[in-house]
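Student: My questions are about this predicted structure, shown below with the sequence.
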Amino acid sequence: MADPMLPAVYKVVQVAQDLPDTVTLDLIPVFASKLSACQPGQFNMLYAFGQGEVPISVSGNTDEINVIRHTIRAVGSVTEALTSIKMGDQVGLRGPFGRAWPLAAMQGKDIVLIAGGLGLAPLRPAIYHLLNHRDAYGQVTLFYGTRTPQDRLYADEFDRWQQRDDLETGITVDSAGRDWRGQVGAVTTLLEGRHFDGKNTIALICGPEVMMRFSSTELEKRGVQPDNIYVSMERNMKCAIGFCGHCQYGPHFICKDGPVFALSQVAHLFRIREI
């Protein structure tokens, strides 16, 4: 059995500059004959040689068998090193880790996805899965909120999603100039006037914790049950195997018990701001 603390070496075969501080890396293994299978919602530990490692959610199509894709924002020394990587460079990778979005159990249900900022990246594999298996699900709705129009992640791809007739989309920004013709306001404003079949709707939410807290509250007001609301926590993981305790969240370790949780599992902790 492979040592979960030993990173495998991966080669960067594509670098996409999504935003000034955000890139998407396509990775393939250097020595292994095949990729480690990832599920939507899981994460890997990416190691920048000489800097350290950080947890990064999978952000690509997990049905692809020849590449692992990660979207990374520069927010510290390790992520700054990762976002400065060039094609042909190498990184270390451990994983995949964590609990995925419960996509199999969602079949036949209406799906609402709510993303805030970079939270669209961990949701993107779930979006791909839903669209690749569209007949297995009911109505699918994607709401996305970000700071400004210039901060939209995967802007071209989101535009293509908006052209589909089997996916309902909504987008809002916190602030914008006069050339923005879309909605302005928090992502929860996209829920205004919306009605859901509470017993048949499942929601997936990823973004800043304050955004997930308010979004889940608004969904509950509209009849969506806490057992059917799933959130992805983004707290710092160090070991990824529940050993170091850095990501302890009440009785849970986010690295192995999450990062995906049903709201009913964490509701008593989720709305305590000090935790």
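Tutor: Happy to help now that I have it. Numbering: from 1, shown residues only.

Student: Give me the nearest residue to Y47, chain neighbours excluded.
Tutor: G92 (3.0 Å; Cβ to Cβ, 6 or more residues apart in numbering). (Each C-beta comes from the backbone N, C-alpha and C, glycine too.)

Student: can you give me the helices for the protein?
Tutor: For the chain, the helices defined by DSSP state H occupy 77-83, 120-132, 155-162, 209-221, 254-257, 263-270.

Student: could those be laid out in JSON lines, adding mean pLDDT?
Tutor: JSON lines is the format used below for the helices of the chain (pLDDT from 0 to 100):
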{"stretch": "helix 77-83", "mean pLDDT": "97"}
{"stretch": "helix 120-132", "mean pLDDT": "97"}
{"stretch": "helix 155-162", "mean pLDDT": "96"}
{"stretch": "helix 209-221", "mean pLDDT": "94"}
{"stretch": "helix 254-257", "mean pLDDT": "91"}
{"stretch": "helix 263-270", "mean pLDDT": "84"}
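
Student: In CSV: these, plus mean neighbour count and distance to T169.
Tutor: Listed next are the helices of the chain as CSV, based on neighbours: other Cβ atoms under 10 Å; distance: least, Cβ to Cβ, whole Å:
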stretch, mean neighbour count, distance to T169
helix 77-83, 19, 27
helix 120-132, 22, 10
helix 155-162, 13, 5
helix 209-221, 18, 16
helix 254-257, 23, 29
helix 263-270, 17, 23
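
Student: Tell me which of those helices approaches Q39 most closely.
Tutor: Closest approach to Q39 among these (Cβ to Cβ): helix 120-132, 7.8 Å.

Student: how much does the closest one deviate in direction from helix 155-162?
Tutor: 30 degrees (axes from the mean of the first three to the mean of the last three Cα atoms, to 10 degrees).

Student: Show me what helix 120-132 is packed against.
Tutor: Contacts defined by 3 or more Cβ pairs under 8 Å, 6 or more residues apart in numbering; DSSP states H and E place helix 120-132 against strand 110-116, strand 140-146, strand 201-206.

Student: mind running it again at 10 Å?
Tutor: Judged by 3 or more Cβ pairs under 10 Å, 6 or more residues apart in numbering; DSSP states H and E, helix 120-132 is in contact with strand 22-29, strand 52-57, strand 68-73, strand 110-116, strand 140-146, helix 155-162, strand 201-206, strand 229-232.

Student: what would those look like in TSV with distance to L6?
Tutor: Converted to TSV, the helices and strands packed on helix 120-132 look like this (distance: least, Cβ to Cβ, whole Å):
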stretch	distance to L6
strand 22-29	13
strand 52-57	12
strand 68-73	17
strand 110-116	33
strand 140-146	37
helix 155-162	34
strand 201-206	29
strand 229-232	26
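
Student: closest one to D257 among these?
Tutor: Here strand 229-232 is closest among the helices and strands packed on helix 120-132 (Cβ to Cβ), at 12.4 Å.

Student: No further queries at this time; thank you.
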